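Asks: got a sequence here, can you build the structure:
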Amino acid sequence: MSDSKSNLTLRILIGMVLGVLVGRFFSLWVSEQTDTLINLGLFELSVKSFFIEGLFHIGGEIFVTSLKMLVVPLVFVSLVCGTCSLNDSAKIGRLGLKSVILYLLTTAIAITLALTIANFISPGEGAALTTDAEFEAATAPTFAEVIIGMFPSNPIQAMATGNMLQIIVFSILFGISMAMAGDAGKKLSLVFNDLNQVVLKMVTILMNLAPYGVFCLLAKLFAFLELSEVLKLGKYFFTLVAVLLIHAFVTYPILFKLLTGLNPVQFLTKMKATALFAFSTSSSNATMPVTLNTVTKKMGADNSIASFTVPLGATINMDGTAIMQGVATVFIAQVYAIDLSMADYLAVLLTATLASIGTAGVPGVGLIMLAMVFQQVGLPVEGIALILGVDRLLDMTRTAVNVTGDAMVTCAVAKSEKALDKDVFNSPSS
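Replies: Take a look at the predicted model:
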């Protein structure tokens, strides 16, 4: 890795550590009930308003919003470029089939791993929690509604609202049309290739600002994070974290080695900065520009492949969420003293795996999927309220796992299509 890139990773880590420390400092200084006022003579300064809800909130939101700002133009321009360069509609169908199968496979492995380890550890046994919590589950769309909703009636509106499935479908159709349009399409493809370079340069600019954005995000989060909630749900919390880490550092490397034959340690090393981005932003979509940059520039995946698999993965790859659903199912069943049969666990496996596509692009998808799983096996949906206190911190870890899965599948698909540059992947300086 070059000095500039290793320096960036180090600066992001420093930003994360300082953010956590500063956030904990302010949490001790300012409680929910009382605020600390600093007397500056002519006026008094509210610590909570100025620092936590002011500087940290504004800095963090600007950073995340800036990342999200790039998502739609990056996906549209990059996917159009990639699709246009394929010149083969059959190859597009093959890419889609491979990607979906691999994403569903990793999700099925994730939920199986979660159910197995959670049953072994039994995080809900002896948990001293009140079971009178309330939670109102949102209604999940039917699979037919999701399929119909993939096709935009207004592509501009789809871009304005950030509907990724609709943007992906429109971009593919636009790219295919460009490839079929002869000279006119070739002229337009040159414009899109130039646009792609400009957007990627904007990604580089934002990556250099990442340490400051990461600091603000974590400082605000840890200023309000109730550590008592983590301790109260300690067994659930650490079981879930353990499964997420096993999936990231055992499942993905094994699959990566089997599917590509390349060094999984090199893969994980080059994913460091992207995983830190994902952890800090807690959003696969916001991290998408960084993920796409990593798999193309650092790992050597061709843009024609990565521009398709990365946006698709950010939309339907729910490995981290599937792990949360498996552990949460076992946890809530034990808290409410409800015995689940092997048939129930198989139902959880199937529901969580298929729901990752069936609820793609829906706001609050994690909780909707969890409610679907609970209803499938007869667990009280209001039990979700018991784990919401620590879900924000866990969601950060889940996102880091998800983007690692996106990159792994992208490399595997690119390798299968002979579109992965091994020299770039093996180069420490790439």
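Asks: rest of the way, CA atoms for contacts and neighbours
Replies: OK.
Asks: in stretch 268-279, what counts as buried?
Replies: 268, 270-279 (16 or more other C-alpha atoms under 10 Å).
Asks: average model confidence for that stretch?
Replies: In this model, stretch 268-279 has an average pLDDT of 90.
Asks: how many neighbours does residue 418 have?
Replies: Per other C-alpha atoms under 10 Å, the neighbour tally for residue 418 reads 12.
Asks: quick one, phi psi at it?
Replies: Main-chain dihedrals, residue 418, degrees, to the nearest 10: phi 60, psi 40.
Asks: sorry, back to before: tell me the one among the buried residues of stretch 268-279 nearest to residue 318.
Replies: residue 278 (13.8 Å; C-alpha to C-alpha).
Asks: nearest spatial neighbour of that closest one, skipping sequence neighbours?
Replies: Of all residues not flanking residue 278 in the chain, residue 400 sits nearest, at 4.9 Å (C-alpha to C-alpha, 6 or more residues apart in numbering).
Asks: who's in contact with stretch 246-253?
Replies: Applying C-alpha atoms under 8 Å, 6 or more residues apart in numbering, the set of residues contacting stretch 246-253 from outside is 110, 113, 264-265, 268, 401, 404-405, 408.
Asks: and if you look at stretch 322-331?
Replies: 107, 110-115, 118-119, 122-125, 236, 239-240, 243-244, 348, 352-353, 369-370, 373-374, 379.
Asks: repeat for stretch 69-77
Replies: 159, 162, 164, 167-168, 171, 192-193, 195-196, 199-200, 202-203, 285-286, 288-289, 307, 311.
Asks: returning to what we had before: will you turn the buried residues of stretch 268-279 into TSV that also has distance to residue 315 and secondary structure?
Replies: As requested, the buried residues of stretch 268-279 are exported to TSV (distance: C-alpha to C-alpha, whole Å; DSSP: H, G, I helix; E, B strand; the rest coil):
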residue	distance to residue 315	secondary structure
268	22	helix
270	22	helix
271	19	coil
272	21	helix
273	21	helix
274	17	helix
275	17	helix
276	19	helix
277	17	helix
278	14	helix
279	17	helix
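Asks: which strand or helix spans residue 82?
Replies: Counting by DSSP states H and E, the element that carries residue 82 is helix 57-86.
Asks: what is the mean pLDDT for that helix?
Replies: pLDDT averaged over helix 57-86 gives 84.
Asks: buried sites along it?
Replies: For helix 57-86, using 16+ other C-alpha under 10 Å, the buried residues are 57-61, 63-64, 67-68, 70-86.
Asks: next SSE downstream of that helix?
Replies: Taking DSSP H and E as the definition, the helix or strand right after helix 57-86 is helix 89-121.
Asks: which parts of that next one are buried?
Replies: Buried residues in helix 89-121 (16+ other C-alpha under 10 Å): 92, 95-96, 98-100, 102-104, 106-115, 117-119.
Asks: could you pull up the mean pLDDT of it?
Replies: Here the average pLDDT along helix 89-121 is 89.
Asks: same deal with stretch 329-349?
Replies: Stretch 329-349 comes out at a mean pLDDT of 87.
Asks: how far does that stretch sit from its chain's centre?
Replies: 26 Å (C-alpha atoms, centre = their mean, to the nearest Å).
Asks: could I get the buried residue list for it?
Replies: 329-336, 345, 348-349.
Asks: equivalent analysis for stretch 387-398, please.
Replies: 387, 389-391, 393-398.
Asks: over to stretch 145-155?
Replies: For stretch 145-155, by 16+ other C-alpha under 10 Å, it's 146, 150-152, 155.
Asks: return the item of those residues having minimum pLDDT.
Replies: residue 146 (69).
Asks: what's next to stretch 187-203, contact-wise?
Replies: 67, 70, 73-74, 77-78, 80-81, 84, 178, 289-290, 293.
Asks: looking at the residues you listed, which two lie furthest apart in space?
Replies: 67 and 178 (28.0 Å).
Asks: run the chain-centre distance for the top helix by length along the chain.
Replies: Counting residues, the longest helix found in the chain (DSSP state H) is helix 183-224. Mean-position distance between helix 183-224 and its chain equals 16 Å (C-alpha atoms, centre = their mean).
Asks: ok, back up a step: adding distance to residue 215 and secondary structure, write the buried residues of stretch 145-155 out as TSV.
Replies: Formatted as TSV, those follow (distance: C-alpha to C-alpha, whole Å; three-state DSSP):
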residue	distance to residue 215	secondary structure
146	37	helix
150	36	coil
151	39	coil
152	38	coil
155	36	helix
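Asks: adding distance to residue 318, write those out as a markdown table.
Replies: Converted to a markdown table, the buried residues of stretch 145-155 look like this (distance: C-alpha to C-alpha, whole Å):
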| residue | distance to residue 318 |
| --- | --- |
| 146 | 16 |
| 150 | 18 |
| 151 | 22 |
| 152 | 23 |
| 155 | 25 |
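Asks: element containing residue 406?
Replies: Assigned by DSSP H and E, residue 406 falls in helix 391-416.
Asks: helix or strand right after that helix?
Replies: Taking DSSP H and E, what comes next after helix 391-416 is helix 422-426.
Asks: which helices and strands sit right next to that following helix?
Replies: Secondary-structure packing of helix 422-426 (3 or more C-alpha pairs under 8 Å, 6 or more residues apart in numbering; DSSP states H and E): no helix or strand packs against it.
Asks: the residue lying closest to residue 411 once chain neighbours are set aside and residue 69: what is the separation?
Replies: Distances taken as C-alpha to C-alpha, 6+ apart place residue 301 nearest to residue 411, at 6.1 Å, with adjacent residues excluded. When distance is defined by C-alpha to C-alpha, to the nearest Å, residue 301 is 24 Å away from residue 69.
Asks: so which residue is smack in the middle of this structure?
Replies: Residue closest to the mean C-alpha point of the chain, counted by C-alpha atoms, centre = their mean, is residue 284 at 2.9 Å.
Asks: right, and that residue touches residue 403 too?
Replies: Yes. In this structure, residue 284 is within contact of residue 403 by C-alpha atoms under 8 Å, at 6.3 Å.
Asks: find residues that contact each of the two.
Replies: Joint contacts of residue 284 and residue 403 (C-alpha under 8 Å, 6+ apart) are 278, 314.
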